[in-house]
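Engineer: Structure for this input, please:
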Amino acid sequence: MLGFFRRIINSKAGLVITFLTLGVIAIAFAAGDVTGLASGSGGMTKTTVARVGRVAIGEAHLKQRVGDQLNQLRQENPTVDMPAFVAGGGVEGVLDQLLTGIALEQFGQDQGMAVSRALVGSELQGIPALQGPSGKFDQKIYERVLQQRRMTDAQVQGEIAQQAMARFLLAPTIGAAQMPASFSLPYASLLLERRSGQIALLPAAAMPTGPAPTDAELQAFYKNNAARYTVPERRVIRYARVTPDSLKAQIQPSEAEIAAAYNKDRAKYAAKEKRTITQVVVLDQKAAEALAAKVKGGAPIADAARSAGLEPRTINTVEKSAYAAQTSPAAADAVFGAAKGATVGPAKGAVGFVVARVDAVEQVAAKSLAEAREEIAKALTQQKTVAALGAVHDKLDDAIANNANFAELVGDNKLTAQSIPALTATGLNPDDPASKPDPALAEIIKAAFAAEEGDAPVMVQTAPDGSFALVALDRIVHAAPRPLAQVREAVVKDVQADRARKAARAAAAAALAKVQKGTPLAQALNEAGAKGAKIQPIGALRGQLASNPRGVDPALAMLFSLPGGGARMLEAPGGAGWLIVKLDTIVAGDAASMPPLLASTRRDLGRLVGREYAEQFTNAVKAEVKVTRNAAELARIKADLSGKDASNQ
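Structural biologist: The predicted structure is shown next:
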């Protein structure tokens, strides 16, 4: 579940990359707070999680940031919960982020570096979460977020300055991607290494499951595997939709409004003439006169233009006013005063001189009010829809800022409240196996799972037409295992399947022991009583390991980790049994005659080197500013977050 997070946050150099790319400030606005930081020169206290030079990190700040990171992770995996996040190393990753950011900021300041207020302001205005419908920074949204998250403008600007300082220090280091060409040959050759061997699957389905499990066995298995029978966290949600249909009475234009719009744009509906024109723009007047003479003498305008090294341009169905704006009033008068097929010019244009031919003339009849009514009504409806939706949105926005609750918001704005029963983050109802997620509720559910109990209602867009919903979290149904009586049948099957897997594992272990002593794989399987075992050849180039879009095949990965002639076992995907992988041959690669591979390997190594430099630089900075951790306090906080007794950690 947390593989992606663990790879990025906890991998070598991953912390540095994460700090630069994760968007610390965007996370802070999800549920941020910096009140857990304290400055001072004292040592580690009992409640201090860590200290970075002059700054101590307290429990409240770390817990807040852990919540921030979990909310971010839920954008990719809505089903992840706090216990799984803690078990996956998430708390350590978040603490490392904090320590890195503060250490880099202090180091930069100690070197005389500073982040300008102008840069901080620019970064703040670029945060998407703070932009209004126009796509520009919205001060009202910013102030509401500050109020909801109990933050101050100074705290936010401090966060932005810290992120910018980290970027100043790390970006040049990561970009140091130079790698000597001689370094790439052994690595490129390694990609061409070919290995082959055998793989045997010992299926659990072929193994005996034994007698029916006793109540005691079921009880013990259920207790030890409670997570398997746990219903994920669910949330009960209240919402109210605001759509164009719900505002239909307000957005229908009246006859008077239609007539007023017609009179205001009367010129738009008057009779008009449109022309299609082919023109050439010539910078020199004499050259323009020569071109015009050639065209008037019968030469096609396109041929005459190209013979002079120019390119003609055709303008389709243009009105006189629009053409005048493109060229000049004088050119427009000449072109629109000529007959169809005539050549005019040269006329002084905005740039140079225009020689033009009138290709077509179209007379557009005037439109009466009755003829234009449908077009005007449609445009007015769109305008009034945008205005009405915006007015309701602004009214709700102001009321939320004044701490109005969901019931008050719905009542004051005459909205229709609806309720969603306890659903998971994916929109499923675990009590109804036939239920399917409703796409129309996706954004509403997403907003509810980003909220905490007691949070103010939020508004989320639900359709491209501007429709939105007011969403409030009613209550959280925390994850809990179903009673054994409800899942007894499933537990019986799982106990029997577990017995079969254990039998398959025992047979695989016995066969592996024989193979490691020199017994051929087929003979070892037969002697170990491995029923239903199947042997297949396996082989690949090392460079092919990463080519599978679904990830590295575990069996191939094991093949390339074995010593010559070695063998090892691993569990088959999905608990289907056990695999024995045996390596037979290794053929070394040689990339000396493959310049493209050498070049690409050099580039890849260069990127890794830049990250390695950044990692080493960050570690050196931490050592310079003196970073210390309180392991006991960290263990206590992890236990508290995951709902466990700290004494068991």
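Engineer: so where's the protein shaky on pLDDT?
Structural biologist: Across the chain, the ranges flagged by pLDDT under 70 are 1-47, 133, 148-149, 176-177, 644-649.
Engineer: Break it down into its domains, please.
Structural biologist: Per automatic domain parsing, the structural domains of the chain span 3-178+609-648, 193-232+484-587, 234-246+380-478, 272-364.
Engineer: Relative to residue 185, which of the ones you listed is closest?
Structural biologist: Residue 185 lies closest to domain 193-232+484-587 among the domains of the chain, at 13.2 Å (Cβ to Cβ). C-beta: built from backbone N, CA, C; applies to glycine.
Engineer: Now the terminal residues of that closest one, how far apart.
Structural biologist: Start and end residues of domain 193-232+484-587 are separated by 6 Å (Cα to Cα, to the nearest Å).
Engineer: Same question for stretch 329-346.
Structural biologist: Start-to-end span of stretch 329-346 (Cα to Cα) is 13 Å.
Engineer: Give me the helices and strands touching the host helix or strand of residue 276, please.
Structural biologist: Per DSSP states H and E: residue 276 is located in strand 272-282. Where contact means 3 or more Cβ pairs under 8 Å, 6 or more residues apart in numbering; DSSP states H and E, strand 272-282 is packed against helix 285-296, helix 301-307, strand 313-319, helix 320-326, helix 329-336, strand 353-364.
Engineer: Okay, now the sheet partners of that strand, with direction.
Structural biologist: Using DSSP bridges, the strands paired with strand 272-282 are strand 313-319 (antiparallel), strand 353-364 (antiparallel).
Engineer: Kindly calculate the angle that the first one makes with helix 329-336.
Structural biologist: It refers to strand 313-319. Counting by axes from the mean of the first three to the mean of the last three Cα atoms, to 10 degrees, strand 313-319 lies at 80 degrees to helix 329-336.
Engineer: Do you have the strands of the stretch 51-200 of the chain handy? List them.
Structural biologist: Assigned by DSSP state E, counting those that start in this stretch, the stretch 51-200 of the chain shows strands spanning 55-58, 194-203.
Engineer: Only alpha carbons, please: show the strand holding residue 276 as PDB.
Structural biologist: Output of strand 272-282 as PDB, limited to C-alpha atoms (Å, rounded to 0.1, in the frame of the first residue of the first chain):
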ATOM      1  CA  LYS A 272     -23.400  43.500 -43.400                       C
ATOM      2  CA  GLU A 273     -20.900  42.600 -46.100                       C
ATOM      3  CA  LYS A 274     -18.100  40.000 -45.800                       C
ATOM      4  CA  ARG A 275     -15.300  39.500 -48.200                       C
ATOM      5  CA  THR A 276     -12.700  36.800 -48.900                       C
ATOM      6  CA  ILE A 277      -9.400  38.500 -49.800                       C
ATOM      7  CA  THR A 278      -6.000  37.300 -51.000                       C
ATOM      8  CA  GLN A 279      -3.300  39.900 -50.100                       C
ATOM      9  CA  VAL A 280       0.400  40.400 -50.200                       C
ATOM     10  CA  VAL A 281       2.200  42.800 -47.900                       C
ATOM     11  CA  VAL A 282       5.300  44.500 -49.400                       C
END
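Engineer: got a list of contacts for it?
Structural biologist: With contact meaning Cβ atoms under 8 Å, 6 or more residues apart in numbering, strand 272-282 is reached by 288, 291, 301-302, 304-305, 308, 310-320, 323, 327, 335-336, 346, 349, 351-364.
Engineer: can you do 7 Å?
Structural biologist: The contact list for strand 272-282 (Cβ atoms under 7 Å, 6 or more residues apart in numbering) reads 288, 291, 301, 305, 310, 312-319, 335-336, 346, 349, 351-364.
Engineer: Among the residues you listed, name the buried ones.
Structural biologist: Neighbour-count burial (16 or more other Cβ atoms under 10 Å) applied to the contacts of strand 272-282 gives 288, 291, 301, 305, 310, 312, 315, 318, 335-336, 346, 349, 352-358.
Engineer: follow-up on the earlier one: export the domains of the chain to CSV and append columns for distance to residue 597.
Structural biologist: Formatted as CSV, those follow (distance: least, Cβ to Cβ, whole Å):
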stretch, distance to residue 597
domain 3-178+609-648, 18
domain 193-232+484-587, 8
domain 234-246+380-478, 43
domain 272-364, 45
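Engineer: Show me the one of those domains that comes nearest residue 258.
Structural biologist: Taking Cβ to Cβ, domain 234-246+380-478 is the member of these nearest to residue 258, at 6.7 Å.
Engineer: from memory residue 160 sits against residue 121, does it?
Structural biologist: No. Counting by Cβ atoms under 7 Å, residue 160 sits too far from residue 121 to count as a contact (8.8 Å).
Engineer: Can you pick out the residue with more neighbours from these two?
Structural biologist: More neighbours surround residue 160 than the other of residue 160 and residue 121, with 22 against 13 (other Cβ atoms under 10 Å).
Engineer: Against residue 119, how distant is that one?
Structural biologist: The gap separating residue 160 from residue 119 is 8 Å, by Cβ to Cβ, to the nearest Å.
Engineer: try residue 510
Structural biologist: Noted for residue 510: a distance of 66 Å to residue 119, by Cβ to Cβ.
Engineer: And residue 58, by the same measure?
Structural biologist: From residue 58 to residue 119 the distance is 29 Å (Cβ to Cβ).
Engineer: Give me the more crowded residue out of the two.
Structural biologist: Neighbour comparison, residue 58 and residue 119: the larger count goes to residue 58, with 18 against 14 (by other Cβ under 10 Å).
Engineer: just checking, the more buried one touches residue 64?
Structural biologist: No. The pair residue 58 / residue 64 is not scored as a contact, 9.9 Å apart, by Cβ under 7 Å.
Engineer: re the thing from before, for residue 442, find the nearest of the strands of the stretch 51-200 of the chain.
Structural biologist: For residue 442, the closest of these is strand 55-58, at 36.5 Å, according to Cβ to Cβ.
Engineer: Stretch 575-594: which residues count as buried?
Structural biologist: In terms of neighbour count (16+ other Cβ under 10 Å), stretch 575-594 has its buried residues at 577-584, 586, 589, 591, 594.
Engineer: beta partners of residue 234?
Structural biologist: Residues in beta-bridge contact with residue 234 (DSSP bridges): residue 477.
Engineer: Number the residues from 2 up from this point.
Structural biologist: Renumbered: residue one is now 2, and that last one reads residue 235.
Engineer: I'd like the strands paired with strand 273-283 as JSON lines, with distance to residue 451 appended.
Structural biologist: Formatted as JSON lines, those follow (distance: least, Cβ to Cβ, whole Å):
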{"stretch": "strand 314-320", "distance to residue 451": "50"}
{"stretch": "strand 354-365", "distance to residue 451": "53"}
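Engineer: Compare those strands and give me the one nearest residue 209.
Structural biologist: Among the strands paired with strand 273-283, strand 314-320 comes nearest to residue 209, with 81.1 Å by Cβ to Cβ.
Engineer: Give me the three-state assignment for residue 513.
Structural biologist: helix (DSSP: H, G, I helix; E, B strand; the rest coil).
Engineer: nearest spatial neighbour of it, skipping sequence neighbours?
Structural biologist: Spatial nearest neighbour of residue 513, chain neighbours left out: residue 570 (5.0 Å); criterion: Cβ to Cβ, 6 or more residues apart in numbering.
Engineer: List the strands paired with the strand or helix carrying that neighbour, with their directions.
Structural biologist: Using DSSP H and E, the element containing residue 570 is strand 568-572. Paired neighbours of strand 568-572 in the sheet (DSSP bridges): strand 578-588 (antiparallel).
Engineer: just checking, what packs against the helix or strand following the partner strand?
Structural biologist: Per DSSP H and E, the first helix or strand lying C-terminal to strand 578-588 is helix 596-626. The helices and strands touching helix 596-626, judged by 3 or more Cβ pairs under 7 Å, 6 or more residues apart in numbering; DSSP states H and E, are helix 15-22, helix 91-111, helix 154-175, helix 182-192.
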